[in-house]
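# Sharing a model that was predicted from the sequence below.
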Amino acid sequence: MHRKFLALLFSLALLALPSRAQDSKLNGTWKLDVAKSNFGQFPPPTSETDTITVSGSEFKQQFTSVTARGSQNGLRSCTIDGKEVDLTPDDPRVQLGAIKLSKMQCSWEGKSVVFLETANFNGDVLTDKLTFTPSDDGKTMTMASHITSATMNGDRTLVYDAADSSAAAAPTAGAAPMAATPGTAAMIHAGGASNLSGTWKLNIPKSDFGQMSPPASQTDTIEDSEPSIKIVEDQKGGMMGDFNITTNLSTDGKETTSTGMGGSEVKSTAHWEGSTLVVNSTTSFQGSDVKIKDSYSLSPDGNTLTEMAHVETGMGNFDSTSVFDKQ
């Protein structure tokens with residue numbers, strides 16, 4: 001969870017490493033504007049929330065899409081270097097919803113990131129060219145999609161608004177339904193969505209630790225009993241050595257307090273976005289405020305837990321993706 005980033009902050013202070021602030025306007029959380037989007041021949045979702053992180057040459061898009069059939073989580077990640085990558089079956093990026101990718105390629109086109117993915121779909125080769133472009137003021141993002149196969153040739157233009165406090169305003173007539181409140185989301189989750197309970201072992205080769213060196217090992221034990229979630233992290237080795245920390249969360253919107261690295265006080269609120277658990281935490285370091293966002297999502301088969309974390313500090317912004325295998 002956020003301990004790894006507090007450890008990184010302590011290490012940066014000790015080593016006086018320079019920070020790497022992210023400046024891409026694609027960074028942030030984005031809400032799909034269904035009314036302004038053009039879905040072509042494809043059925044529109046009820047709602048969609050995307051979180052995009054561009055850190056150096058690394059691009060990550062985590063999304064939760066809600067349709068009449070339920071919610072679906074997805075994760076795209078790639079290196080923006082223009083090189084085509086052949087994906088092996090055990091690569092966590094292979095499974096994208098119901099589709100299995102075989103190749104991917106990422107490149108810059110001006111301020112846009114172009115993600116080209118290739119998949120084998122119903123015995124046919126399908127390609128989807130996705131172009132992510134932020135507006136100059138950073139308030140909107142457009143994702144243009146061109147899908148090509150032997151039996152299909154279609155285009156979509158999806159328009160997203162930057163998520164901020166205005167998202168809580170009442171919807172206008174004809175607008176897409178608002179997301180469920182934390183309490184409702186918890187009831188929906190308890191009624192059949194993914195449950196995070198289990199013992200999870202960190203898969204170091206499949207994880208991305210950013211500027212931080214990985215631990216020797218880490219095992220997380222999660223007890224998911226809505227609305228209470230208990231996470232016990234047992235880490236061996238790494239920058240700060242061994243530690244075992246317990247965090248208690250509540251997904252009904254109540255703030256919880258836990259103890260972080262060095263005895264720091266960490267305040268957290270948790271909620272569900274579809275079947276993704278989102279934890280927003282605040283703490284302080286050397287008199288500066290620190291904001292941490294952790295997002296936990298399960299693979300379709302329930303055997304892999306992916307934690308994407310983003311931390312904002314006065315020393316810069318940092319990201320990590322931790323992949324865990326169920327034991």
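Nice, thanks for sending it over. Residues are numbered from 1 along each chain as shown.
# could you check the distance from L32 over to T151?
27 Å (C-beta to C-beta, to the nearest Å). The way it works is simple: take the backbone N, C-alpha and C, and place the C-beta from them, glycine included.
# Compare those two and say which is more crowded by neighbours.
Set side by side, L32 and T151 show more neighbours around L32, with 24 against 8, by other C-beta atoms under 10 Å.
# check contacts around the more buried one.
Remark: with contacts taken as C-beta atoms under 8 Å, 6 or more residues apart in numbering, L32 is in contact with 45, 47-50, 158-160, 176.
# Next up, the contacts around the residue nearest to V85 when sequence neighbours are not counted.
Distances taken as C-beta to C-beta, 6 or more residues apart in numbering place M104 nearest to V85, at 5.4 Å, with adjacent residues excluded. Residues touching M104, when contacts are defined by C-beta under 8 Å, 6+ apart, comprise 76, 78, 84-85, 87, 93, 115-118.
# what helix or strand is M104 on?
strand 99-109 (DSSP states H and E).
# in that strand, what's buried?
101-102, 104-106 (16 or more other C-beta atoms under 10 Å).
# That strand: how far from the chain's middle?
What separates the centre of strand 99-109 from the centre of its chain is 18 Å, taken as C-alpha atoms, centre = their mean, to the nearest Å.
# following it, which helix or strand comes up?
Next element after strand 99-109 (DSSP H and E): strand 112-121.
# Show me what counts as buried in that following strand.
Of the residues in strand 112-121, those with enough neighbours to count as buried (16+ other C-beta under 10 Å) are 112-119, 121.
# Output these in TSV; the columns should cover distance to S322.
Shown next, in TSV, are the buried residues of strand 112-121 (distance: C-beta to C-beta, whole Å):
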residue	distance to S322
S112	28
V113	23
V114	27
F115	22
L116	27
E117	23
T118	27
A119	26
F121	30
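# list the contacts for E307?
1, 294-296, 321-324.
# Out of these, flag the one nearest to T247.
When the contacts of E307 are compared for distance to T247, the smallest value, 6.2 Å, is given by M1; criterion: C-beta to C-beta.
# and P205, which of the three is it?
Classification of P205 into helix, strand or coil gives helix, according to DSSP: H, G, I helix; E, B strand; the rest coil.
# Need the pLDDT of it.
According to the prediction, P205 has pLDDT 90.
# can you check Q22 too?
Reported pLDDT at Q22 in the predicted model: 40.
# and if you look at T259?
In this model, T259 carries a pLDDT of 76.
# Would you mind naming the residues that bridge with D155?
Under DSSP bridges, the beta-bridge partners of D155 are H146.
# and after the lowest-mean-pLDDT helix or strand in the chain, which helix or strand comes next?
Sorting the helices and strands of the chain by mean pLDDT, DSSP states H and E puts helix 182-190 at the bottom, at a mean of 44. Heading C-terminal from helix 182-190, the first helix or strand you meet, by DSSP H and E, is strand 198-202.
# in its sheet, what does that following strand sit against?
Based on DSSP bridges, the pairing partners of strand 198-202 within the sheet are strand 217-225 (antiparallel), strand 316-326 (antiparallel).
# Enumerate every residue touching the residue nearest to T67 when sequence neighbours are not counted.
Setting aside the residues directly before and after it, T67 is nearest to P45 in space (C-beta to C-beta, 6+ apart), at 4.9 Å. With contact set as C-beta under 8 Å, 6+ apart, P45 has these partners: 32, 34, 65-67.
# T282 now?
Shown in contact with T282 (C-beta under 8 Å, 6+ apart): 266-268, 289-292.
# Name the helix or strand for it, please.
Taking DSSP H and E as the definition, one finds T282 inside strand 276-285.
# gap between that strand and the chain center?
Its chain's average C-alpha position is 13 Å from that of strand 276-285, according to C-alpha atoms, centre = their mean.
# counting contacts, what elements does whichever helix or strand comes after it pack onto?
Counting by DSSP H and E, the element after strand 276-285 in chain order, helix or strand, is strand 288-298. On a contact count with 3 or more C-beta pairs under 8 Å, 6 or more residues apart in numbering; DSSP states H and E, strand 288-298 meets helix 3-15, strand 70-79, strand 276-285, strand 304-313.
# ok, now with 6 Å
Contacting strand 288-298 under the criterion 3 or more C-beta pairs under 6 Å, 6 or more residues apart in numbering; DSSP states H and E are the following elements: strand 276-285, strand 304-313.
# Name every strand pairing with it and say which way it goes.
The strands beside strand 288-298 in its sheet (DSSP bridges) come out as strand 276-285 (antiparallel), strand 304-313 (antiparallel).
# C-alpha coordinates for it, CSV please?
This file holds the C-alpha atoms of strand 288-298, laid out as CSV (Å, rounded to 0.1, in the frame of the first residue of the first chain):
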residue,chain,number,x,y,z
SER,A,288,4.9,19.1,3.6
ASP,A,289,1.5,17.5,2.7
VAL,A,290,1.5,14.2,1.0
LYS,A,291,-1.4,12.7,-1.0
ILE,A,292,-1.6,9.0,-1.9
LYS,A,293,-4.0,7.2,-4.1
ASP,A,294,-4.1,3.4,-4.2
SER,A,295,-6.3,1.4,-6.6
TYR,A,296,-6.8,-2.3,-6.2
SER,A,297,-8.3,-4.5,-8.9
LEU,A,298,-8.6,-8.2,-9.5
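# All set, thanks.
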